[in-house]
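[1] Structure for this input, please:
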Amino acid sequence: MVNPSPSDSVFHCLYCGEYVLTVDSTFDLLPKRPVDSSIVLDEDKLNVHINMSPIDPVIIKRASGFEKQLRYSCPGCQLPLAYHQGGRYLYILQNAVGNQKEFNLSNLI
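    Numbers count the residues shown, from 1 in each chain. So this is what the prediction gives:
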C-alpha cells in the first residue's frame with residue numbers, strides 16, 4: 001500500500017473491507033456522473049492510487065446509446081468497484097467504496 005499523506009483519503013471495499021483506493025480529495029468534494037451517480041476522479045488533477053484488478057470490459061445500454069466500461073474489481077472479493085471509459089476519468093461506482101468511518105464490520109456478517 002502507498003503511504004498516504006495526511007491530506008489523502010483512503011478508501012476500502014464496502015463489501016469485504018479490502019484497501020482499494022487512495023486519493024488526495026474526499027468524495028463529498030468530487031462531482032458525480034449524472035447517469036449513474038458514480039464519483040468522478042479526474043486523474044489529471046488528482047493524485048490517485050488504485051489497488052484494484054482490471055476485469056473484462058462490459059457494454060452498458062443507456063438512454064443515449066451504448067457505452068463501453070473498462071471495469072476494475074476488488075482484489076479481495078472480486079466485486080466491480082470502478083470503471084474507465086478510455087479517458088482521464090476514473091468512475092467509482094455508487095456505494096462500492098468508503099472510508100474507514102463508512103466501513104462497518106456488520107457488512108461481513
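[2] So which residue is smack in the middle of the protein?
    Centroid-nearest residue in the chain: Ile92, 3.0 Å away (criterion: C-alpha atoms, centre = their mean).
[3] Tell me, how many residues neighbour the nearest residue to it once chain neighbours are set aside?
    Closest residue to Ile92 apart from its sequence neighbours, by C-beta to C-beta, 6 or more residues apart in numbering: Ile39 at 4.1 Å. For glycine as for every other residue, the C-beta is placed from the backbone atoms N, C-alpha and C. Applying other C-beta atoms under 10 Å, we find 22 residues neighbouring Ile39.
[4] got it, and the one 5 residues further on?
    Applying the criterion other C-beta under 10 Å, we find 9 residues in the vicinity of Asp44.
[5] now do Val40
    By the criterion of other C-beta under 10 Å, Val40 has 12 neighbours.
[6] That one and Ile92, how far apart?
    8 Å (C-beta to C-beta, to the nearest Å).
[7] Make sure Arg71 is indeed in a strand.
    Yes: counting by DSSP: H, G, I helix; E, B strand; the rest coil, one finds Arg71 located in a strand.
[8] quick one: contacts for it?
    Counting by C-beta atoms under 8 Å, 6 or more residues apart in numbering, Arg71 touches Pro54, Ile55, Asp56, Pro57, Val58, Pro80, Ala82, Tyr83.
[9] from what I can see the fourth one touches Leu70, true?
    Yep, that's Pro57 we're talking about. Yes: between Pro57 and Leu70 there is a contact under C-beta atoms under 8 Å: 5.0 Å.
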